[in-house]
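**Student:** Just need the structure, nothing else, for what follows:
(one chain, ligands or ions: 2)
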Amino acid sequence: DVTEAVEIFEVGPRDGLQNEARPIPVPEKVALIDCLGRAGFRRIEVASFVSPKWVPQMASSGEVLAEITRVPGISYAALTPNLKGFEAALAAGADEVAIFASASEGFSRANLNATIAESLARFAPVAAAARAAGVPVRGYVSCVVECPYDGPVAPEAAARAAAALSELGVYEVSLGDTIGQGTPEAVDAMLTRVLEEMPPTRLAGHFHDTSGRALENVEVALERGLRVFDAAVGGLGGCPYAPGAKGNVATEAVAERLAELGYATGLDRAVLAEAAAMARAMRAG
Ligand code: HMG
Ligand code: MG
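**Tutor:** Ligands and ions are numbered 1, 2, ... in the order given. I've put the predicted structure just below:
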């Protein structure tokens, strides 16, 4: 019988490291990414071309992209909040970029200094420039179930943001439980509404593990047909503009759960363990 494939999109070097207070030297970041490059991922998010005043840790993104050893077949991804970020990502050789909106106004303001509508207006030229340059664009919707500023988020708001990104031409929308407060019931209700806008093949689940329910939420999303999950090796992470947010669900934990459920990730567990140890050491400083 055929084992069904599920992809883990590694976001540790970006979502994981962006929240670390200690400025992490470029060679440490490069070593982690190069280790991850041997694990079997198809996509790794390694950089973020945002304002260095907002996220100082990501200021070295250009150097990081210049110094990693590129593994053929891996797409090295970067966040780009505006055209300035897109130009920098392109110059640094990012293989794909991501635009990131919020389902809640409070988080949009805190994270992007813009309303949801203003942020989408800023993303439109990024998407157009990426299309012209032949660079694939992924989309994120943050706070799909809970917002640290506005509280519970209506499924309708998540669906509207996902649809808006889809209209901008993103190839996939990653649904973020940014602060890891989503219950499986809330995630299921959110997915019901989002799936009215787009098929599960164009969605990814992005769960933070603050309240320890991320693996359950992965299972709920699997049942709804999603086959891509974002995760950070070693459970690194958080978001500087989401107080209380803990790490992303750990890549090695998702890989293990998927294997138990009979899905194939194509990842090398020994290499993942090595990368997880490196990630934990980086967090400890
Ligand atoms: P702003 O202050 O409104 O923007 O910030 P601005 O256009 O007025 O620019 C302010 C300064 O930033 C200027 O410099 C710009 O040049 C500079 P100054 O003139 O003061 O010296 N600037 C830039 N520098 C480098 N690269 C750029 C860039 N753009 C402007 N691209 C802005 C607006 C969007 C820039 C800011 O709010 C920002 O950078 N936000 C990013 C916040 C962020 O990165 N958050 C974490 C990622 S999102 C996340 O983690 C969630 C996710 O994981 C999914 C989930 O879990 O839900 C994706
Ligand atoms: Mg995140």
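**Student:** show me what contacts residue 214?
**Tutor:** Each residue near residue 214 by Cβ atoms under 8 Å, 6 or more residues apart in numbering is listed here: 177, 180, 207, 208, 248, 249. Using the backbone N, CA and C atoms, a C-beta is placed for each residue, glycine as well.
**Student:** Top of those residues by number of neighbours, please.
**Tutor:** Ranked by neighbour count under the definition other Cβ atoms under 10 Å, the contacts of residue 214 are headed by residue 248 with 32 neighbours.
**Student:** who's the closest residue to ligand 1 within the stretch 101-250 of the chain bridged to?
**Tutor:** Per Cβ to the nearest ligand atom, the residue of the stretch 101-250 of the chain with the smallest distance to ligand 1 is residue 176, at 2.4 Å. Partner residues in beta bridges with residue 176, using DSSP bridges, are residue 206.
**Student:** Summarise which helices and strands the helix or strand that contains residue 9 is packed against.
**Tutor:** Assigned by DSSP states H and E, residue 9 belongs to strand 7-10. With contacts defined as 3 or more Cβ pairs under 8 Å, 6 or more residues apart in numbering; DSSP states H and E, the secondary structure elements packing on strand 7-10 are strand 43-48, strand 228-231, helix 251-260.
**Student:** let's see it at 10 Å
**Tutor:** Contact analysis of strand 7-10 by 3 or more Cβ pairs under 10 Å, 6 or more residues apart in numbering; DSSP states H and E lists strand 43-48, strand 75-79, strand 203-207, strand 228-231, helix 251-260, helix 269-284 as its packing neighbours.
**Student:** next SSE after it?
**Tutor:** For strand 7-10, the succeeding helix or strand toward the C-terminus, using DSSP H and E, is helix 26-36.
**Student:** and which of the contacts of residue 214 is nearest to residue 27?
**Tutor:** Out of the contacts of residue 214, the one with the shortest distance to residue 27 is residue 248. That distance is 23.0 Å, counting by Cβ to Cβ.
**Student:** Do stretch 141-152 and ligand 1 come into contact?
**Tutor:** Yes. Judged by Cβ under 6 Å from any ligand atom, stretch 141-152 and ligand 1 are in contact via residue 142.
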